[in-house]
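**Student:** Here is the input, now give the coordinates:
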Amino acid sequence: MRRRVGPWARTVRWSRSIMTVTILAVGVVVVPIGRGSAGEVVPPPAVVDYGITGPDAVAAWSGSALTPTTMVPLTTEVQVFLGFRTDLVGLEARATAVSDPASPLYGRYEPLPETIDRFGASDEQLRAVVDWFGNRGVAVVPDATRTYALVTVSVGILQELTGVTFGTYTIEGAAPGLVAVTSTVAMSTAIADLAPAIDRVYGVTFVTDTAGAAVASIDLDAPRVPQPASVSVPAEGETFVPADGGTPWRTGTPTDACPDAAALADSGGPVGISPAQLRRAYGVDRLWDQGFRGRGAHIAVVDYAAYEPTDLETFRGCFGLEGTPVTDHVLGPLLDDPTQRLETILDLQTVVSFAPDADRIDWFGVPTVAPTVLGNLIALIAPAFDLSNMDGLQPDAVTVSFAVCELQIIGTDPGWAVGRSLFEQIVTLGAASGIGTFIASGDHGSSGCFPTANDVSASFPATSRWATAVGGTNLTLDTENRIVSSGTWNDARMAVPPPPPDAPFDSSGGGLSAMFDRQPWQPQIGDSSARPIPDVSMFADPRPGYMVFFNGGWMPVGGTSAASPALAAITALQSSALAAVGRPRLGFVAPLLHSLAQATNETTEGIVVDVTLGTNDVHGVGVYPATPGYDLATGIGWVRQDELFDYLQRVEPTPPVPSPEDRVIPAFTG
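**Tutor:** Model (predicted):
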């Protein structure tokens, strides 16, 4: 069953986040065509989705009464995403055809520029938008995939665009001075000049303070870092013990030439699993032995904060991971926050642990300047699909390590469906072109909204239908670094005595989406039509964690923030091995992994390892246990990459498909 948004989510927390416009989309609506007075055919007005607009709709959505106050100044500015009117149904059909192993077109990707030519905005649509706003002195910034154009406009221009007036409304129960700005009536069309070009507008309903400044915040998951004392010197009365297949201290035998990191562990300092141990545990050594340490692979990483290059250099030097330099793209002022900077260095050190010799590793530092969480997530993902940033070469894998509770998005952003659609279109263009997007499933277990609330909720953007959602496991290694047991990552299950439900412990994110329906290759959970996550899992437990060098010292770090870049880098290696023998790359790999998990023949046996131990109920809400087969704690389980490599290399391919031609996206010039 889909969960209904609870009262806590419907309550508008104006002091923490903002509101924008919603975008539905896709599908063909047949509307009768009328005739004018002279008998000529009059086409119906083109529908435009603005999300929740008008005081009545906003009040019903928020559960709070709105009272008209003074009209908003027409000079107040707002950031607006204009979604182009394109063939979203055809795009999804194409992405399905090339990504589903059961399809005769599986693996027959077109390069991203060709996919954009087919399914992105046309030159005429771009020109119409650029000219209309240019005539009003407003600059337009189309994104590289031609999914949307970003503009910052006054409310006066917004009224001209929509043909209706806007008003300011006080909000019952809101903090003093905060008001909602929305149209005075619900909207569904735009002026005739732009109706053929745009069908979604995100950002027209928002919250502002009395000075006219938009209220904005970002609420993103961070990597989970246990304090060193919780590993070797438990707090008074607190102990961690092996549980559900995992061990909270390092097992196995470190074989990396990294005496500094090993000395810290041996002296009772931070403990973590080393890169060589993880490569051995997951069978990545098989690919390395065949010469695939990254050659032919291209990985893109997106983050909100900068990193210290010397930290990455120290890590690479200590573990013998020298290789391809990371290409940095700093796109504006970044967050200056230690936790966010740790996220960035974790992403990059994890990628080079598995693919140090990748042809390209592109890192994008993206500023958080949008007035909504969804706006910032759209801005985060878009640069990784802009091939002009990467010498015209498209990545094999894009990794995203951020998560936001779905119920919080739905309950604080009246434009969530519009923003979701824009994010989804970009990722779908990637899937249709052979680019795999990997997204961390979140670190709050089944309680995706913790610590705001303990409501059961999955996290966006992992719930995106065209991304591979990566959950987390624990593990125990033998002396040869093989996985002898593995269960659901859940810190609370290892704590003695058991912690209270509000304790700050973490677990693998998972559950049923409130924003998306499931894909056909996913199992149906009960009678629900919702998308279940995660798709697949990998080691994420911060006890003992990944070894990371940050701010001049070693520490163990975990979370699905590590599992996502790990699986992205490994999948890029598998793709490079396929490309080396003239085969299509893996691209959006979730459908393949689900099909392998469901297969019963001898050729696929042993590739996917089911996880049946533990639960991701870390805050006492009662869900979800790991079970035989797919579950909402670890998905299909984890993948033996050596077995997958052997399978992919020997499986009978469809008729050879030429490798996609790499081209730079033609720049639009207004």
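**Student:** Please make it C-alpha for all contacts and neighbour counts, starting now.
**Tutor:** Fine.
**Student:** Would you map the strands across the stretch 351-500 of the chain?
**Tutor:** 360-365, 397-400, 404-405, 436-440, 459-460, 468-473, 476-477, 483-485, 495-496 (DSSP state E, counting those that start in this stretch).
**Student:** Are there helices or strands packed against the last one, and which ones?
**Tutor:** Just to be clear, that refers to strand 495-496. strand 239-240 (3 or more CA pairs under 8 Å, 6 or more residues apart in numbering; DSSP states H and E).
**Student:** tell me what the strand it packs on is packed against?
**Tutor:** strand 495-496.
**Student:** rewinding a little: could you identify which of the strands of the stretch 351-500 of the chain is most buried?
**Tutor:** Neighbour counts (mean count of other CA atoms under 10 Å) averaged over each of the strands of the stretch 351-500 of the chain peak at strand 468-473, with a mean of 34.
**Student:** for it, packing partners?
**Tutor:** Here strand 468-473 touches strand 436-440, strand 536-539, helix 560-580, going by 3+ CA pairs under 8 Å, 6+ apart.
**Student:** where does the stretch 151-300 of the chain have low pLDDT?
**Tutor:** For the stretch 151-300 of the chain, applying pLDDT under 70 flags the ranges 210-238, 264-270.
**Student:** now the strands: where do they sit in it?
**Tutor:** Counting by DSSP E, counting those that start in this stretch, the strands of the stretch 151-300 of the chain are 166-171, 179-183, 198-202, 206-208, 239-240, 298-303.
**Student:** ok, residues contacting the last one?
**Tutor:** This points to strand 298-303. Taking contacts as CA atoms under 8 Å, 6 or more residues apart in numbering, the residues outside strand 298-303 that touch it are 343-344, 347-348, 358-366, 380-381, 384, 394-401, 565, 568-569, 572.
**Student:** And the pLDDT for the closest residue to Ile570 other than its chain neighbours?
**Tutor:** Once flanking residues are discounted, Ile570 sits nearest to Phe354: 6.3 Å by CA to CA, 6 or more residues apart in numbering. Reading off the confidence values, Phe354 has pLDDT 98.
**Student:** next one: the one 5 residues further on
**Tutor:** With respect to pLDDT, Asp359 has a value of 97.
**Student:** now the one 4 residues further on
**Tutor:** Per-residue confidence at Trp363 stands at 98 (pLDDT).
**Student:** isn't it right up against Leu331?
**Tutor:** No. Trp363 is not in contact with Leu331 according to CA atoms under 8 Å; the separation is 10.5 Å.
**Student:** Quick check: Gln641 vs Pro504, distance?
**Tutor:** In this view, Gln641 and Pro504 are 33 Å apart by CA to CA, to the nearest Å.
**Student:** Compare the two and say which is more crowded by neighbours.
**Tutor:** Set Gln641 next to Pro504 and count neighbours by other CA atoms under 10 Å: Gln641 wins out with 25 against 14.
**Student:** Wait, Phe645 touches Trp288, no?
**Tutor:** No. Phe645 is beyond contact range of Trp288, at 11.1 Å (criterion: CA under 8 Å).
**Student:** returning to that earlier point: what residues are up against the residue nearest to Ile570?
**Tutor:** By CA under 8 Å, 6+ apart, the residues touching Phe354 are Pro275, Arg279, Val284, Arg293, Gly294, Ala566, Ala569, Ile570.
**Student:** could you list every residue that touches Thr165?
**Tutor:** Thr165 touches Gln159, Ser183, Thr184, counting by CA under 8 Å, 6+ apart.
**Student:** my bad, Asp337
**Tutor:** By CA under 8 Å, 6+ apart, the neighbours of Asp337 are Ala305.
**Student:** So it versus Trp554, what's the distance?
**Tutor:** Asp337 is 19 Å from Trp554, by CA to CA.
**Student:** Ok, Asp244 next?
**Tutor:** 27 Å.
**Student:** And for Val89?
**Tutor:** In terms of CA to CA, Val89 sits 49 Å off from Trp554.
**Student:** Who has more neighbours out of the two?
**Tutor:** Ranked by neighbour count (other CA under 10 Å), Val89 and Trp554 place Trp554 first, with 21 against 13.
**Student:** My assumption is that that one lies in a helix; please confirm.
**Tutor:** No. Assessed with DSSP: H, G, I helix; E, B strand; the rest coil, Trp554 is strand; it does not lie in a helix.
**Student:** my guess is it meets Val548, correct?
**Tutor:** Yes. Counting by CA under 8 Å, Trp554 does reach Val548; the two are 5.7 Å apart.
**Student:** Pop the domain breakdown of the protein in here.
**Tutor:** For the chain, automatic domain parsing gives the domain ranges 18-31+44-86+121-208, 242-650.
**Student:** highest average neighbour count across the ones you listed?
**Tutor:** domain 242-650 (a mean of 23).
**Student:** mind exporting stretch 105-125 as PDB, just the C-alpha atoms?
**Tutor:** The C-alpha coordinates for stretch 105-125 follow below in PDB (Å, rounded to 0.1, in the frame of the first residue of the first chain):
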ATOM      1  CA  LEU A 105      17.200  -3.900 -28.500                       C
ATOM      2  CA  TYR A 106      19.100  -4.500 -25.300                       C
ATOM      3  CA  GLY A 107      22.400  -2.700 -25.400                       C
ATOM      4  CA  ARG A 108      21.800  -0.900 -28.600                       C
ATOM      5  CA  TYR A 109      22.400   2.600 -27.200                       C
ATOM      6  CA  GLU A 110      22.600   5.800 -29.200                       C
ATOM      7  CA  PRO A 111      25.200   8.200 -27.900                       C
ATOM      8  CA  LEU A 112      23.900  10.900 -25.600                       C
ATOM      9  CA  PRO A 113      23.900  13.700 -28.200                       C
ATOM     10  CA  GLU A 114      21.800  11.700 -30.600                       C
ATOM     11  CA  THR A 115      19.300  10.800 -27.800                       C
ATOM     12  CA  ILE A 116      19.100  14.500 -26.900                       C
ATOM     13  CA  ASP A 117      18.500  15.300 -30.600                       C
ATOM     14  CA  ARG A 118      15.600  12.900 -30.600                       C
ATOM     15  CA  PHE A 119      14.100  13.600 -27.200                       C
ATOM     16  CA  GLY A 120      15.300  17.000 -26.000                       C
ATOM     17  CA  ALA A 121      14.000  20.400 -26.900                       C
ATOM     18  CA  SER A 122      14.300  21.500 -30.600                       C
ATOM     19  CA  ASP A 123      16.200  24.500 -31.700                       C
ATOM     20  CA  GLU A 124      12.900  26.200 -32.300                       C
ATOM     21  CA  GLN A 125      11.700  25.600 -28.800                       C
END
